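Colleague: Build the 3D model from these lines:
(2 chains)
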Amino acid sequence: MSVQDKVIEIIAEQAVLEPGDVALDSTLEDLGIDSLGLVESIFAIEEEFDLSVPFNANDPSESDFDITNVQSIIKGIEKLISDQKG
Amino acid sequence: MYRVVITGAGSVNALGHDVPNTLEAMREGRCGIGALDFQDVERLSIQIGGQVRGFEAEGRYNRQQMSLYDRFTQFTLAAAKEAIEQSGLTFSGDEAAKSGVVLGTAGGGVSTWDANYRSVYEEGKNRVHPFVVPKLMNNAAASHVSMEHNLKGPSFTVSTACASSNHAMAQAFQMVRTGMAPAMITGGSESMLCFGGVKAWEGLRVMSKDACRPFSANRNGMVQGEGAGIFVFEEYEHARKRGADILCEVVGFAMSSDASDIVMPSKNGAARAMAGALADAKVNRDQVGYINAHGTGTAANDKTECAAVADVFGPHADKLMISSTKSMHGHLIGGTGAVELLACIMALRDGIIAPTIGYEEPDPECALDVVPNDAREAKVDVVLSNAFAFGGMNAVLALARV
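Modeller: Sure thing, here's the model as predicted:
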């Protein structure tokens, strides 16, 4: 499974949706994922890819991790994989 | 209804091992937060906290006591001794039978859980010390205070996360106010600064890696502390008759529940608790000179708390002072309201307002007088102490100068 598919699967599970209903340009808000759901998703992503995601729930916009939409999250994860596993 | 006064105070926290040292540090705006020091700290992404340094249990407590006293109990007993000695009370006869201990803690003996899980899971041991349960139970500290000081009245422990000690003190206040007890020992303590304790908090991603900067635009989260704050709440005439030194009066309290979210605070719940405390104390909002804020340094708390203050106090919100001493001693979770009550007593008794240190950039969403960085001299008559817990449980106390 590609990184993209896996991240979408994790986000879909959090949103209680089918992976096919998660579009790349969906925002977490669109998907009904609140701040707790976001922290849980990031935890699941970290566990899945054995990564450390730089995300501070106090100020998501100031974190070094872009959560604008599903696409930006996937890009961020791909970059972290190449940085941390490179 | 009886009047209730505070006649003794004790504390152990990152700023000092007693009240005079704590207040001196608050006056000087000293920071007690630093690098954490315990086993496996290198495996944490959060490595700072308001850890109590140089508090040697050995020498204070004997071997038998040590096997029963978790660190949260050790802090409690030291603080209770200071508070009760200051009050001059000794408990015997009918007075002992009626006076009790109500304390707050969120986690109880967290480091005892941690150490014993480590030993059975990591080290593979199959046997633990026989006193693990009486050492870690949340009421252990209250029980040992009752045993040490012969307090035979109503005693129990309250656990409402970050509002535990305020809920405990509200309960003790009510007991003395209604005549149920001539005096109550109250406050709270917490000691979660061990690997498992901090690891659990890390997961929530609300912790700062560098500093606790409440109300500052560049704040980035809370920092944990540890310690205890213990007080003697006494019926006013009882205290006056024996010529006790009265530190201040407890004039009201209120509690509220947000009933909305398990972690996100609500402006309405906070506002109702503050307004309720003013109504209970029968004071007007413009009499309040200082609020000891919950002020955790998280994005969510600080702006919600400031908005709630603005709602409750209207134009007077711009005249009163509000500071968060968590910037200095960290967030003591279930013990935090108790240590913060010391700043309230200092404001009323000494006319010195403890600062919010680490304040670097104004935040338009926290546009109140947060007493940035330096303590201030000011005469205040009535103060509030806020505590807003995870789970949406709020408790606010109102105190007044006597």
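
Colleague: For the rest of this, base every contact and every neighbour count on C-alpha atoms.
Modeller: Will do.

Colleague: interface residues of the stretch 251-400 of chain B facing chain A?
Modeller: By C-alpha under 8 Å from any C-alpha of the partner chain, the part of the stretch 251-400 of chain B that sits against chain A consists of B:298-300.

Colleague: hang on, isn't B:Ser385 packed against B:Ala343?
Modeller: No: counting by C-alpha atoms under 8 Å, B:Ser385 stays clear of B:Ala343, with 9.1 Å between them.

Colleague: And the least confident helix or strand in chain B by mean pLDDT, how far out from the chain middle?
Modeller: Scoring the helices and strands of chain B by mean pLDDT, DSSP states H and E places helix B:63-66 at the bottom, with a mean of 90. Here helix B:63-66 shows a centroid-to-chain-centroid distance of 26 Å under the convention C-alpha atoms, centre = their mean, to the nearest Å.

Colleague: Report the set of residues contacting both of B:Ser385 and B:Ala343.
Modeller: B:Asn292 (C-alpha atoms under 8 Å, 6 or more residues apart in numbering or on different chains).

Colleague: Tell me the residues on chain A that lie near chain B, please.
Modeller: A:39, A:43, A:55-59.

Colleague: Okay, and residue 8 sits in which element?
Modeller: Reading this off chain A. helix A:3-15 (DSSP states H and E).

Colleague: nope, chain B
Modeller: strand B:4-13.

Colleague: Following the chain onward from that strand, which element is next?
Modeller: Immediately after strand B:4-13, counting by DSSP H and E, sits helix B:19-28.

Colleague: following that following helix, which helix or strand comes up?
Modeller: strand B:34-35.

Colleague: In space, what's closest to residue 73 - neighbours in sequence excluded?
Modeller: If you meant another chain, say so; for now it's chain A. Distances taken as C-alpha to C-alpha, 6 or more residues apart in numbering or on different chains put A:Ile67 closest to A:Ile73, at 5.3 Å, once the chain neighbours are dropped.

Colleague: please go with chain B instead
Modeller: Closest to B:Thr73 by C-alpha to C-alpha, 6+ apart is B:Ala141, at 4.4 Å.

Colleague: Does anything pack onto whatever helix or strand the one you found lives in? Which helices or strands?
Modeller: Applying DSSP H and E as the criterion places B:Ala141 in helix B:140-149. Packing contacts for helix B:140-149, counted by 3 or more C-alpha pairs under 8 Å, 6 or more residues apart in numbering or on different chains; DSSP states H and E, involve helix B:71-87, strand B:100-104, strand B:156-158.

Colleague: can you list contacts of that helix?
Modeller: Outside helix B:140-149, the residues that touch it by C-alpha under 8 Å, 6+ apart are B:69, B:72-74, B:76-77, B:80, B:90-91, B:100-103, B:108, B:134, B:151-152, B:155-157.

Colleague: check contacts around residue 54.
Modeller: All of this is about chain A. A:63-65.

Colleague: before we move on, the earlier item: and the residues of the stretch 251-400 of chain B next to chain A, which is closest to B:Arg401?
Modeller: When those are ranked by distance to B:Arg401 (C-alpha to C-alpha), B:Thr298 comes first, at 31.2 Å.

Colleague: So what's the residue count around the closest residue to that closest one other than its chain neighbours?
Modeller: If the residues on either side of it in the chain are set aside, B:Thr298 comes closest to B:Gly221, at 4.2 Å by C-alpha to C-alpha, 6+ apart. By other C-alpha atoms under 10 Å in any protein chain shown, the residues close to B:Gly221 number 25.

Colleague: cool, and the one 10 residues further on?
Modeller: Residue crowding around B:Phe231 was assessed by other C-alpha under 10 Å; the count is 31.

Colleague: if I look at it, how far off is chain A?
Modeller: Relative to chain A, B:Phe231 is positioned 34 Å away (C-alpha to the nearest C-alpha, to the nearest Å).

Colleague: Also B:His331?
Modeller: 16 Å.

Colleague: where does that residue fall, phi/psi-wise?
Modeller: phi -90, psi 110 (degrees, to the nearest 10).

Colleague: partner residues bridging it?
Modeller: B:His331 has these beta-bridge partners by DSSP bridges: B:Gln224.

Colleague: Please tell me I have it right and it contacts B:Met222.
Modeller: Yes: between B:His331 and B:Met222 there is a contact at 7.0 Å, judged by C-alpha under 8 Å.

Colleague: overlap in contacts of the two?
Modeller: Common neighbours of B:His331 and B:Met222 (criterion: C-alpha under 8 Å, 6+ apart): B:Thr296.

Colleague: host element of the residue sitting nearest the centre point of chain A?
Modeller: Chain A has A:Ile73 as the residue nearest its centroid, 4.6 Å off, counting by C-alpha atoms, centre = their mean. Using DSSP H and E, A:Ile73 maps to helix A:70-85.

Colleague: Can you give the distance of that helix from its chain's centre?
Modeller: 9 Å.

Colleague: helices and strands around it, which ones?
Modeller: helix A:3-15.

Colleague: what residues does the least confident helix or strand of chain B touch?
Modeller: Contact partners of helix B:63-66, identified using C-alpha under 8 Å, 6+ apart, comprise B:57-58.

Colleague: buried residues in it?
Modeller: Neighbour counts over helix B:63-66 (16 or more other C-alpha atoms under 10 Å in any protein chain shown) mark B:Met66 as buried.

Colleague: same question, stretch B:394-402
Modeller: Taking 16+ other C-alpha under 10 Å as the criterion, stretch B:394-402 shows B:394-401 as buried.

Colleague: Show me the shaky parts of the chain.
Modeller: Picking chain A for this. Across chain A, residues meeting the criterion (pLDDT under 70) sit at A:60-62, A:86.

Colleague: at 80 what do you get?
Modeller: Low-confidence segments of chain A (pLDDT under 80): A:59-64, A:85-86.

Colleague: Could you export the helix holding A:Ile73 as PDB, CA atoms only?
Modeller: Presented in PDB, the C-alpha positions along helix A:70-85 are these (Å, rounded to 0.1, in the frame of the first residue of the first chain):
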ATOM      1  CA  VAL A  70      -5.300  15.600   3.100                       C
ATOM      2  CA  GLN A  71      -2.900  16.300   0.300                       C
ATOM      3  CA  SER A  72      -0.600  18.500   2.400                       C
ATOM      4  CA  ILE A  73      -0.600  15.900   5.200                       C
ATOM      5  CA  ILE A  74       0.400  13.200   2.700                       C
ATOM      6  CA  LYS A  75       3.200  15.400   1.300                       C
ATOM      7  CA  GLY A  76       4.400  16.100   4.900                       C
ATOM      8  CA  ILE A  77       4.500  12.400   5.800                       C
ATOM      9  CA  GLU A  78       6.300  11.500   2.600                       C
ATOM     10  CA  LYS A  79       8.900  14.200   3.400                       C
ATOM     11  CA  LEU A  80       9.300  13.000   6.900                       C
ATOM     12  CA  ILE A  81       9.800   9.400   5.700                       C
ATOM     13  CA  SER A  82      12.600  10.500   3.400                       C
ATOM     14  CA  ASP A  83      14.100  12.800   6.100                       C
ATOM     15  CA  GLN A  84      13.900  10.400   9.000                       C
ATOM     16  CA  LYS A  85      14.400   7.100   7.100                       C
END
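
Colleague: Perfect, that will be all.
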